[in-house]
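**Q** Pasting the sequence and the predicted coordinates here, then a few questions.
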Amino acid sequence: MYNVTSLPQFSSSSELDRIVEELVNLAASRGLSTRSLSIHLIDLNRRTEASYQSDVFRYPASIPKLFWLVSLYGLQANGQIPRQPVDFPLNGCRTDVCKMAQKSDNEAASRVVDLISNTTSSQLDVGYDTWLKRRYSINEFFENAGYQGLDISQKNFPIPYLEMSLPKGRDLQMRGNLNNPDRNRLTARQTARLMYELAAELAVSSEDSREMLMLLEQNLDPNVWGPEEYDAIQGFFGEGIFQHRDRIRFYSKVGWTQEGRMEVAFIQDSSGRAYILSVFGEGSDYGDDWEIFKQISERVYSQLVF
């Protein structure tokens, strides 16, 4: 079970409400569906928050990798799994833990999911009901701490080392009715909450929280992320504020498919201002729009920091 069992308490804020309303209007002005949008914004200095449809469950793409990271550290701390080797981006990011958090690598994430659930995609030595219960233990880890209704039990595809471009075998079986399949689901509020617990050094332990943040920190220098074939900056929050990189520490996890775009980030400015922004845009219009998250980030930063 995840150690943080009480929900964070924040006050409402007319200032943040105005900012969030502006972001919704921005999406509408670009012809994007506001019904498919969720936003959660937390001002860490004033301990205030504002939201738009942030309790709506949406398909989160790679955002579950943030939750798998915290689950991994929690199970390690409890002695339920062996402590895994970890390196960091500056050291080459060669371990599965780093590649999952920093690079959103599906192969690394698949091995982490196997470890924290005591399953494998090809496992046949236990019955399906036992296998499914073990895989669902990833959900229960967070549900018992108040993250009700989430589903983060399914892997991200493709997974080349398993020769799986799409789910098959038990990974396919757990999806149920293929005309209306079960899929991962999270809310923008739940995702902002977990990032807050990392920022506040509450997740697992202060030392573990700091280490997980090191794995999630993104370098905003375009000489670093620009040459990458796939990166977590272009088309996301980081691109909107990378010009301020000399005064920012930026921690984020993104998710993207042709079916949507989502991100949660913890931003610290050298002025002392800090905030968490979580945005889920569901649907191909968000998946295809490489400007909207950049513009959202730019507006929030300019209004909360300057």
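**A** Sure thing, it's come through.

**Q** what's the neighbour count on residue 18?
**A** By the criterion of other Cβ atoms under 10 Å, residue 18 has 12 neighbours. Quick note: C-beta positions are derived from backbone N, CA and C, even for glycine.

**Q** can I have stretch 142-160 written out in PDB, keeping just the CAs?
**A** The C-alpha trace of stretch 142-160 is given here as PDB (Å, rounded to 0.1, in the frame of the first residue of the first chain):
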ATOM      1  CA  PHE A 142      -2.900   3.300  -4.800                       C
ATOM      2  CA  GLU A 143      -6.600   2.600  -4.300                       C
ATOM      3  CA  ASN A 144      -6.000   1.800  -0.700                       C
ATOM      4  CA  ALA A 145      -4.400   5.200  -0.300                       C
ATOM      5  CA  GLY A 146      -7.400   7.100  -1.700                       C
ATOM      6  CA  TYR A 147      -6.700   7.000  -5.500                       C
ATOM      7  CA  GLN A 148     -10.200   5.500  -6.100                       C
ATOM      8  CA  GLY A 149     -11.200   4.200  -9.500                       C
ATOM      9  CA  LEU A 150      -7.900   4.400 -11.300                       C
ATOM     10  CA  ASP A 151      -6.600   1.600 -13.600                       C
ATOM     11  CA  ILE A 152      -2.900   1.500 -14.300                       C
ATOM     12  CA  SER A 153      -2.600  -2.300 -14.700                       C
ATOM     13  CA  GLN A 154      -2.100  -2.500 -18.400                       C
ATOM     14  CA  LYS A 155       1.300  -2.200 -20.200                       C
ATOM     15  CA  ASN A 156       2.100   0.300 -22.900                       C
ATOM     16  CA  PHE A 157       2.700  -1.000 -26.400                       C
ATOM     17  CA  PRO A 158       4.600  -1.700 -28.600                       C
ATOM     18  CA  ILE A 159       7.100  -3.800 -26.600                       C
ATOM     19  CA  PRO A 160       9.800  -4.900 -29.100                       C
END
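
**Q** Give me the buried positions along it.
**A** If you call a residue buried by 16 or more other Cβ atoms under 10 Å, then stretch 142-160 has these buried ones: 142-143, 145, 147, 150-156, 159.

**Q** now stretch 17-26
**A** Going by 16+ other Cβ under 10 Å, stretch 17-26 has these buried residues: 17, 19-20, 23-24.

**Q** JSON lines for those residues, including secondary structure and pLDDT?
**A** Shown next, in JSON lines, are those (DSSP: H, G, I helix; E, B strand; the rest coil; pLDDT from 0 to 100):
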{"residue": "17", "secondary structure": "helix", "pLDDT": "98"}
{"residue": "19", "secondary structure": "helix", "pLDDT": "98"}
{"residue": "20", "secondary structure": "helix", "pLDDT": "98"}
{"residue": "23", "secondary structure": "helix", "pLDDT": "98"}
{"residue": "24", "secondary structure": "helix", "pLDDT": "98"}
